[in-house]
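S.K.: I'd like to go over a predicted model; first the sequence, then the structure.
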Amino acid sequence: MNAKNEITGWQLFFLIVQTQVGVGILSMPSDIGKVAKQDAWISMVLAGVLVQIIILLYIFLLSRFPEDTYFGIVNFCFGSILGKIIMSTYLLYFIGVLVASLTNFHHIIATWIFTDTPKWVIMLLFSIPAVYMARENIVLIARFKMLISFMLPILIFVLGWVYIQPQFLYLLPIGGSGLNAIIAGIKPAIFALMGFEAFLFFAFYVKTDRKKELRKGALATAFVTTFYVFTIITTQVFFYIKEIIVVPYPVLYIMKALKFTILERIDLVFITVWMVIALSSFISFLFIAGNTMEQLLSKQKHTKMVYFIMVMAFLGALIPTSMLEMKEFMEVLLPGSLIFTVAIPILTMIISLFKKSSQKEKSA
Amino acid sequence: MKKTFLILLCSASILLSSCWDERLLKDLQLVYTVGYDVGENGEVDVTSVVPPIDPSNKNGTATFKTGHTLRDARYNADLNVSEHIDYSKLQVMLLGDELARQDIYSFLDVLYRNSRNNLNGRVGVVDGSASDLLFQPVTSQKSTSEYYSGIIESAELISVLPPVSLQTACTLIFDPGGDLYLPYLTYNEELQRAEVEGLALFNQKKFTGEILTPQLSTLFTLLINRQGDIVRFTRKYTEDETPEIANYMTIELHNSDVSIKVKGDQQLTTHISAKILINIVEYSPNHIMAENKIPDIEKWWEKELEKDSEEMIQIMKKAKSDALGIGRRVSAFHPEQWDEKTWKDTYVEMPFEVDFEVEVVGTGIID
């Protein structure tokens, strides 16, 4: 590989952050609040810690094979036939994620701003820039993500207005919803943090001073967790918990009620800005999916794969029409994601421990 | 190369025209004020007030009485309005007295459900029927459509009303540990204007019929820390001065620090303590400083405000309205004693202790 195809630790950090943060943040406080009530933020913190542990396991696995991509490692551990099958299931999973984020994106735009615009137009307008970016190499994508990161604080700034009249009593009593509810709340919280699996794929491009640089990338989840905890607390000091449950997009709803001297309905302005963040998350998955397919078919470039996958995701996103169908799809996809982000990587790591040691014995 | 660019440009411009969702102002009739009433057979009457198209002609304000729900009203209004009715710039929603005594959330629901609505609008309760009020002539520089949001907002400025937007109202309706309060409006025949008569107290989703007078509602606004730019109290300080006006003293709030705490083990007690710094802005018998009257004045105001608070609490207890949000504090700090179902009975029995601490920090530019 040439030096061009290489990223730094901070670039990895932003890649992961921008993959994790997408449209999910707009609905996340209500998803977790449904289960963990006023203690949603505790669930989020615990989920953040768990994900951080998983990331550390990733680092452990990846640093054992500094020369290989994640699929190189899978192939090595499971053998090439089983490895190819696993890779194909990963590819299917990524297409599923793309379909889900495309439909989610459309759903927000359709219910919030453009109620009459046809679905395919909105999705097409989203897909074109996504393909345009995802077909490029990793360095350009990483730079793009760093460039748009200034948009993340906009959320904090806008939500900051809630703190003029906060109702901190809504957070009390801490732990009042019970231990079981808090633990049950970890599940939706982990789903909200999804995207950290991108670490497995992007870490490959970090080449110089690997150990130290990977650690910087691992900070991404800590950052996103903090960001999410802030968002959850802000929505909860604004809404009473029973209200959060009926409001699917509490973050947008807060903005709908704010009024500035010249601006009203800043939720509409905010969605426009936030779509870039959503797009950036989509690009990551599109790029990873393209790369997976490239390796699966042993091709040189991932450009054509990206086109193909985008068409698949686009067609897939046209299928679910009602909200209920979307929900059913998510109910399959989200638990399934645990297999790909936790189960397979850990299994790979365990196998790699045996394989490597047996190799050493042979050479000795 | 040039050709490709041209083709790209043309195809891009097709995508850019978002003609599906355009809403042209010339085709819309924006409703600024809307009134709800219980009509015959328990149906709902909706009265919509729209601004005149020509701003100089304020009498041209159109008022319609239509429909059984907000949506139905829109449907019916379109039958006799030349434009399409639109509620997305709604400023005030007025509820008739009779209607407010029912579950009001059902009437507000549509506003929360539609993404186009602005949730920063105000809600108010009307003495009698909202429709009657909206059809009354109003002597005001503003058109009727903007008049009602204007009087509510000016009352918020002088702290007679705490600001309650559609969104805050929703939070209060959902919260079992606190009750809703809304502006209460009447029509003053003599002045030919509407008037803020105080604060209507709710018990959960229903209007109780009890109202805090502007004097008490100002105190209430101060205690829940939602005061506007000006907080002003005027009371009769002495009895024997002449002219009569010399008996009165007006103060303005400089700063305040209010804490409401619920204490106790078995028997919970609410402690309200307020430390307020005031300016004396009007009191004609001078020499406040010279004759060292300040400590007396402070004591007197403390007593006066405590007395008013007691009265306010009695009215709220009578209405079974927990507008101060005591329940929220019980559920937060004494969760073991919190029971949503029996809370209102506990609340009525609960003792309150009010303690004011007043400090005069200014007397204007004369002593």
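M.R.: Sure, I can see it. Numbers count the residues shown, from 1 in each chain, chains lettered A, B, ... in the order given.
S.K.: got the buried residues for the strand or helix carrying A:Gln18?
M.R.: Secondary-structure assignment from DSSP states H and E places A:Gln18 in helix A:9-20. For helix A:9-20, the neighbour count (16 or more other C-beta atoms under 10 Å in any protein chain shown) marks A:9, A:11-20 as buried. Glycine gets a C-beta too; all of them are placed from N, C-alpha and C.
S.K.: which one of those sits closest to B:Leu108?
M.R.: A:Gln20 (36.2 Å; C-beta to C-beta).
S.K.: returning to that earlier point: tell me the one of the buried residues of helix A:9-20 nearest B:Leu212?
M.R.: For those, the nearest to B:Leu212 is A:Gln20 (49.1 Å; C-beta to C-beta).
S.K.: count of residues packed around the spatially closest residue to that closest one that is not a sequence neighbour?
M.R.: Closest residue in space to A:Gln20, ignoring its immediate chain neighbours: A:Gly195 at 3.7 Å, by C-beta to C-beta, 6 or more residues apart in numbering or on different chains. Close neighbours of A:Gly195, defined as other C-beta atoms under 10 Å in any protein chain shown, add up to 27.
S.K.: and for A:Lys145?
M.R.: A:Lys145: 24 neighbours (other C-beta under 10 Å).
S.K.: re earlier: what's in contact with the helix holding A:Gln18?
M.R.: A:7, A:139, A:141-143, A:145-146, A:148-149, A:152, A:193-196, A:198-199, A:202-203, A:205-206, A:209, A:212-217, A:219-221, A:223-224, A:277, A:280-281, A:284-285 (C-beta atoms under 8 Å, 6 or more residues apart in numbering or on different chains).
S.K.: equivalent analysis for stretch A:80-89, please.
M.R.: Stretch A:80-89 has contacts (C-beta under 8 Å, 6+ apart) with A:71, A:74-78, A:292, A:295-296, A:340, A:344.
S.K.: rerun at 6 Å
M.R.: Residues from elsewhere that reach stretch A:80-89 (C-beta atoms under 6 Å, 6 or more residues apart in numbering or on different chains): A:71, A:74-75, A:296.
S.K.: by neighbour count, which of those residues wins?
M.R.: Result: A:Val74 is most packed of the contacts of stretch A:80-89 (other C-beta under 10 Å), 26 neighbours.
S.K.: ok, now how distant is that residue from A:Pro153?
M.R.: 38 Å (C-beta to C-beta, to the nearest Å).
S.K.: let's see the pLDDT reported for the residue nearest to A:Lys216 when sequence neighbours are not counted.
M.R.: In space, and not counting its chain neighbours, A:Lys216 is closest to A:Gly9: 3.3 Å by C-beta to C-beta, 6+ apart. pLDDT for A:Gly9: 85.
S.K.: before we move on, what about B:Ile276?
M.R.: The model's pLDDT for B:Ile276 equals 90.
S.K.: what does chain B have sitting close to chain A?
M.R.: B:20-21, B:115, B:119-120, B:167, B:171, B:174-175, B:328, B:332, B:335 (C-beta under 6 Å from any C-beta of the partner chain).
S.K.: out of those, which are buried?
M.R.: By neighbour count, with 16+ other C-beta under 10 Å, the residues of chain B next to chain A hold B:115, B:119-120, B:167, B:171, B:174-175, B:328, B:332 as buried.
S.K.: can I get the helix or strand containing B:Asp72 in PDB? Just the C-alpha atoms.
M.R.: Assigned by DSSP H and E, B:Asp72 falls within helix B:70-80. C-alpha atoms of helix B:70-80 as PDB (Å, rounded to 0.1, in the frame of the first residue of the first chain):
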ATOM      1  CA  LEU B  70     -59.500  22.000  14.400                       C
ATOM      2  CA  ARG B  71     -59.200  19.900  11.300                       C
ATOM      3  CA  ASP B  72     -62.900  20.000  10.600                       C
ATOM      4  CA  ALA B  73     -62.700  23.800  11.000                       C
ATOM      5  CA  ARG B  74     -60.000  24.000   8.400                       C
ATOM      6  CA  TYR B  75     -62.100  21.900   6.100                       C
ATOM      7  CA  ASN B  76     -65.200  24.000   6.500                       C
ATOM      8  CA  ALA B  77     -63.400  27.300   6.400                       C
ATOM      9  CA  ASP B  78     -61.900  26.400   3.100                       C
ATOM     10  CA  LEU B  79     -65.400  26.400   1.800                       C
ATOM     11  CA  ASN B  80     -65.900  30.100   2.500                       C
END
